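# mind folding the following:
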Amino acid sequence: MVRDDLYITVPSFFRCPISLDVMKSPVSLCTGVTYDRSSIQRWLDNGNNTCPATMQVLQSKEFVPNRTLQRLIQIWSDSVRHRVDSPESPPPTESLLSNDQVLLAISELDTRTDNRFDSLTKIVRFAQDSEENRDFLVRTECFVPVLVGFLDNVNGGVQRNVQFLEQVVKALDLVLSKMEDREGFTNSMLQKPSEGQKQKHSSIDSLLLVLQQGSCDSRIVAARVLKSIAIDAESKLLIAEKEGLVSELLRQITPNRDPDLIENCLSCLVEISTPKRNKMKLVHLGAVKVFSKLLSAPNLSVLVTEKVLKLVETVSSTKEGRSEICEDTACVAAIVNKVLKVSNVATEHAVTTLWSVCYLFRDQKAQEAVTKANGLTKILLLMQSNCSPQVRQMSADLLKIFRVNSKSCLSSYDTKTTHIMPF
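Reported below is the predicted structural model:
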C-alpha cells in the first residue's frame, strides 16, 4: 500500500507493541497499554498472565476496544491511500503540521498523559492556520469527544490544570462553527443526568474555572463556548443553574474589563436569560446595578450598549426587575440618555424598558427620573422620527402618562393609541 518514495512514516502509537504492525483492531488492557486484538489474544491464549509491554501481572484478562485510536488509524490510512493514489500532490509546507502529524498529536492526547499540553498546543496552532484544517479536525470524529472528555474530568492531574483547560476551550472554540450536530455537542457538554441519578460533573464546571482563573483571551472563548450550547430552554436553565456561573459572567462585565470580554459575556447572558427563572436569577444577583454602572460608563461601543439595554429590557419584563430599575434612578437616567443617541436597536430596547417602568408599572420614582433626565423632549423627538410603529405607540403611551402632571405644552398633546404589550 505504501511506496517508499512518499516517505510516509507510521505514527508509533498506531503500531502494536507485539507485532509492530499497524493495528487493525486496537484494544486496551487493564494496564492501559493498547495492542492489536489478534496479537494480545494469542499472547493470552498461550497462558501468559502479564502485560507484554510492562510485564505487570494482569488483574483481569479482559480488554476494551480503543475506539478513539481505531478511528484515528482509519483516518490516517485513508489519508495515506489518497496520497498514494495522487503522488503528485504537493507536500505540506514546513511551517504547518501535516494531517498525519495532527492525527499523531490527537492520538497522544488519548494515550499519553505526559505530553498532552504540547500535543494540544500543536493542534490549536493547526486549527488556527486555515478553514481546511478546522474542517479536517471536525471530520476526525473522535477529536471533539476527546476535548469534551477533558473538560468533564475532575479527577485531578493535568486535566485540572487551568492552562491545559484554556487550550481545550480554545480548540473547541476554533471548530464550533464547523460542527453540524450542535444538539449532540450540547448534550455531551451538559451531561444531563438520567432519572434517579445525581447531577454529574459537566463541562460547565471547567468553563467556569476558565472564566475565574484563565487569561482574558481564554475567558472570551469560554463565554463563546457557553453561548454556543445555550440552544434551548432546557440547556439555558442547566447553564444558569451552575452555582457561581451567572455571578461570574456579571463580574466580567464591569467597565474596567476588556471590551471584547464584556461583549462576549453580555452575549452569553443575553442568550441564557430568556427563561423566566433565569431572569429572576439575574435580578436577585444584583444585575440591574451592574447594568446601570456599565450604561453610565463613557465610550461604550454600539454593540455593548445594545446588549446591555437588551438585558435591562429582559429583566424589566418581570415585576421584581421593574422594581429594581425603579429604585435605581441612575439606571433610569442612563437608559433615557441612550434614546436616539446610539442606534435604532438601542433606542427600541431603551423605550421598551421606559414603557415598562413608567407606563405599565406606573412607578412615580421612575417617572420623575425620566423627567429630570429630559426624557420628555426625547420622547417628543422620537415621535417625530422615523421609528417603528411599536416604538411610536409606546412613546405615545408614555406621553399620556407625563402630560397629566406636565405644565408644558405636553398637556395639550393628544395621543390615540392601542395598548400593546411588547413582551
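
# isn't residue 108 right up against residue 12?
No. Using CB atoms under 8 Å, residue 108 makes no contact with residue 12, being 9.8 Å away. In short, each C-beta sits where N, CA and C put it, glycine included.

# and for the two, which residues touch both?
Shared contacts of residue 108 and residue 12 (CB atoms under 8 Å, 6 or more residues apart in numbering): none.

# comparing these two, which residue is more hemmed in?
Higher neighbour count among residue 108 and residue 12: residue 108, with 21 against 11, using other CB atoms under 10 Å.

# and the more buried one, what pLDDT?
The model reports residue 108 with a pLDDT of 78.

# residues contacting it?
Contacts of residue 108 by CB under 8 Å, 6+ apart are 13, 115-116, 119.

# and if you look at residue 52?
So residue 52 contacts 17-18, 33, 35, 40, 43 (CB under 8 Å, 6+ apart).

# what about the helices in the stretch 201-350 of the chain?
203-213, 216-228, 233-241, 245-251, 259-272, 276-284, 287-296, 302-315, 319-327, 329-338, 344-354 (DSSP state H, counting those that start in this stretch).

# need these in CSV with mean neighbour count, can you?
What follows is the helices of the stretch 201-350 of the chain, written out as CSV (neighbours: other CB atoms under 10 Å):
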stretch, mean neighbour count
helix 203-213, 21
helix 216-228, 22
helix 233-241, 18
helix 245-251, 20
helix 259-272, 21
helix 276-284, 17
helix 287-296, 21
helix 302-315, 23
helix 319-327, 20
helix 329-338, 22
helix 344-354, 24
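
# would a markdown table of those helices with mean pLDDT be doable?
Formatted as a markdown table, those follow (pLDDT from 0 to 100):
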| stretch | mean pLDDT |
| --- | --- |
| helix 203-213 | 93 |
| helix 216-228 | 96 |
| helix 233-241 | 94 |
| helix 245-251 | 97 |
| helix 259-272 | 96 |
| helix 276-284 | 96 |
| helix 287-296 | 95 |
| helix 302-315 | 96 |
| helix 319-327 | 91 |
| helix 329-338 | 92 |
| helix 344-354 | 94 |
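
# which one of these lies nearest to residue 366?
Nearest to residue 366 among these is helix 319-327 (4.5 Å), distances taken as CB to CB.

# in strands, which of the contacts of residue 52 appear?
residue 35 (DSSP state E).

# a markdown table for the contacts of residue 52, including distance to residue 100 and neighbour count?
Formatted as a markdown table, those follow (distance: CB to CB, whole Å; neighbours: other CB atoms under 10 Å):
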| residue | distance to residue 100 | neighbour count |
| --- | --- | --- |
| 17 | 20 | 17 |
| 18 | 23 | 16 |
| 33 | 23 | 17 |
| 35 | 22 | 24 |
| 40 | 25 | 26 |
| 43 | 29 | 18 |
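
# gap between residue 315 and residue 148?
Separation of residue 315 from residue 148 (CB to CB, to the nearest Å): 32 Å.

# remind me which residues of the stretch 1-150 of the chain are low pLDDT?
1-9, 79-96, 111-113 (pLDDT under 70).
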